[in-house]
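A.B. asks: Sequence first, predicted model second:
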Amino acid sequence: MNGTTRRYEPFHRSECQSYKRSMRNTQQKHTMSMKRPNSKSLREKQKRKSFSPSKNSSKVGDYILTDVNISSCLCKAVHENTGREYMCQYIEMSKYRETLLPYTLVSPNENINNIVEVLFGKSYVYFIFERSFGDLHSYIRSKKKLREGEACKLFQQIVQVVRHCHSKGVVIRDLKLRKFVFADPNRTRLKLETLDSAHIVDKDSTDILHDKHGCPAYVSPEILESTVGYSSKAADVWSLGVIIYTLLTGRYPFHDHDPTALFVKIKSGLFIVPETLSASASCLIHSILRKPPTERLTAEELADHPWFNLDFDTIGATSASRLGRTKFDQLVPDLSLSNAPFVFGQMRY
């Protein structure tokens, strides 16, 4: 979080010590100090318009906020002096420490959207991020599917993000194509857009979680079946398997418009890898999408898979472009169960 344009230094160590007693050991190692600027000083320095998610535009500090997405709490932020575009995430005042903490553990990282500036309003706290150039979900829809060489370069960056987060005791949970955005106009460098669904675990002991959180198309079988908890890191890895399968084929390994039918397919763990993919790519997918969580590669092991070392220009691994369509193919939908929040019993997607 070494932002160059941050106006405030909103950290005090003492205030952060009280966050989540169960995470005391992790927090003692990684907490950063937090301090909310004096409200009177803020009023003197900044003349704000009242922010409301329902408004078309609002002003916060030196930023004009537009294009508000109420469901994701994201909007575009334009610096009024420079005209430079940023992304803004607005958080309720009571939740900002909980949202900020994962960033203090994993930042800075070139493949994670690091916070540039933190602004405090009357009811919300605003995290200012560097802008992006489209998300991976929209990109795969426009491309239909990717050649193995391109998919390998992009997926390797995704794996490195998950590997880094897990090493710091942070599980991402809501992993999906739309969570990754491009950091450059040429769309070669990916970054994780936000850590808003991340959860902190004790990296030296258990990573067991009990809450049911994720997106239906990416959720692992054990989340659907478990009544005693599940490995959150293994669940992240399962989502990685869904991502790479989709990048290479243009469709989900498990798909159905009916949630109940979709969950039945996921719990079966049965899927088909097209024969046109390389043997190494097929091996990679089968090493991730394994129903028993203990049989899946870890993010650390996945980063060392031989598929990432192939010379695709030499071997001509363009199998994804040759994969034929049939009337039974399930293409990645624009709006579907893969992205929309969903509630199933006590399971929030």
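C.D. replies: Received, thanks. Numbers count the residues shown, from 1 in each chain.
A.B. asks: low pLDDT regions in the stretch 1-150 of the chain?
C.D. replies: 1-56 (pLDDT under 70).
A.B. asks: Show me the strands in it, by range?
C.D. replies: All strands of the stretch 1-150 of the chain, identified by DSSP state E, counting those that start in this stretch, fall at 57-60, 63-69, 74-79, 85-92, 115-120, 124-130.
A.B. asks: now these in JSON lines, with mean neighbour count and distance to Pro221?
C.D. replies: For glycine as for every other residue, the C-beta is placed from the backbone atoms N, C-alpha and C. Below are these laid out as JSON lines (neighbours: other Cβ atoms under 10 Å; distance: least, Cβ to Cβ, whole Å):
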{"stretch": "strand 57-60", "mean neighbour count": "18", "distance to Pro221": "43"}
{"stretch": "strand 63-69", "mean neighbour count": "17", "distance to Pro221": "31"}
{"stretch": "strand 74-79", "mean neighbour count": "20", "distance to Pro221": "30"}
{"stretch": "strand 85-92", "mean neighbour count": "19", "distance to Pro221": "31"}
{"stretch": "strand 115-120", "mean neighbour count": "22", "distance to Pro221": "35"}
{"stretch": "strand 124-130", "mean neighbour count": "22", "distance to Pro221": "33"}
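A.B. asks: With respect to Ser197, which of these lies nearest?
C.D. replies: Proximity to Ser197 (Cβ to Cβ) singles out strand 85-92 among those, at 12.1 Å.
A.B. asks: related to what we said a few turns ago, what would the strands of the stretch 1-150 of the chain look like in JSON lines with distance to Lys143?
C.D. replies: JSON lines is the format used below for these (distance: least, Cβ to Cβ, whole Å):
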{"stretch": "strand 57-60", "distance to Lys143": "33"}
{"stretch": "strand 63-69", "distance to Lys143": "24"}
{"stretch": "strand 74-79", "distance to Lys143": "24"}
{"stretch": "strand 85-92", "distance to Lys143": "23"}
{"stretch": "strand 115-120", "distance to Lys143": "30"}
{"stretch": "strand 124-130", "distance to Lys143": "24"}
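A.B. asks: Of all the ones you listed, which one comes closest to Lys212?
C.D. replies: strand 85-92 (22.7 Å).
A.B. asks: tally of neighbours for Asp211?
C.D. replies: 14 (other Cβ atoms under 10 Å).
A.B. asks: Over to Leu270?
C.D. replies: By other Cβ under 10 Å, neighbour count at Leu270 equals 11.
A.B. asks: did I read that right, it in a helix?
C.D. replies: No - Leu270: not assigned to a helix; according to DSSP: H, G, I helix; E, B strand; the rest coil it is coil.
A.B. asks: pLDDT wise, what is it at?
C.D. replies: With respect to pLDDT, Leu270 scores 97.
A.B. asks: Would you quantify the distance from it to Leu284?
C.D. replies: 18 Å (Cβ to Cβ, to the nearest Å).
A.B. asks: Ok, Lys144 next?
C.D. replies: In terms of Cβ to Cβ, Lys144 sits 21 Å off from Leu284.
A.B. asks: Would you mind telling me which of these two has more residues around it?
C.D. replies: Leu284 (26 against 15).
A.B. asks: what residues are up against Ser287?
C.D. replies: Remark: with contacts taken as Cβ atoms under 8 Å, 6 or more residues apart in numbering, Ser287 is in contact with 296-297, 302, 305.
A.B. asks: and it, what helix or strand is that in?
C.D. replies: helix 279-288 (DSSP states H and E).
A.B. asks: Can you list the helices and strands that the longest helix out of those in the chain packs against?
C.D. replies: When the chain is parsed with DSSP state H, its longest helix is helix 148-167. Contacts defined by 3 or more Cβ pairs under 8 Å, 6 or more residues apart in numbering; DSSP states H and E place helix 148-167 against helix 96-106, strand 190-192, helix 232-249, helix 299-302, helix 312-315, helix 319-322.
A.B. asks: Out of those, which is the most enclosed?
C.D. replies: Among those, helix 232-249 has the highest mean neighbour count (mean count of other Cβ atoms under 10 Å), at a mean of 25.
A.B. asks: which other helices and strands contact that helix?
C.D. replies: Short answer (3+ Cβ pairs under 8 Å, 6+ apart): helix 232-249 packs on helix 148-167, strand 170-171, strand 208-209, helix 221-225, helix 279-288, helix 299-302, helix 319-322.
A.B. asks: right, and those - which one's nearest Tyr126?
C.D. replies: strand 170-171 (22.1 Å).
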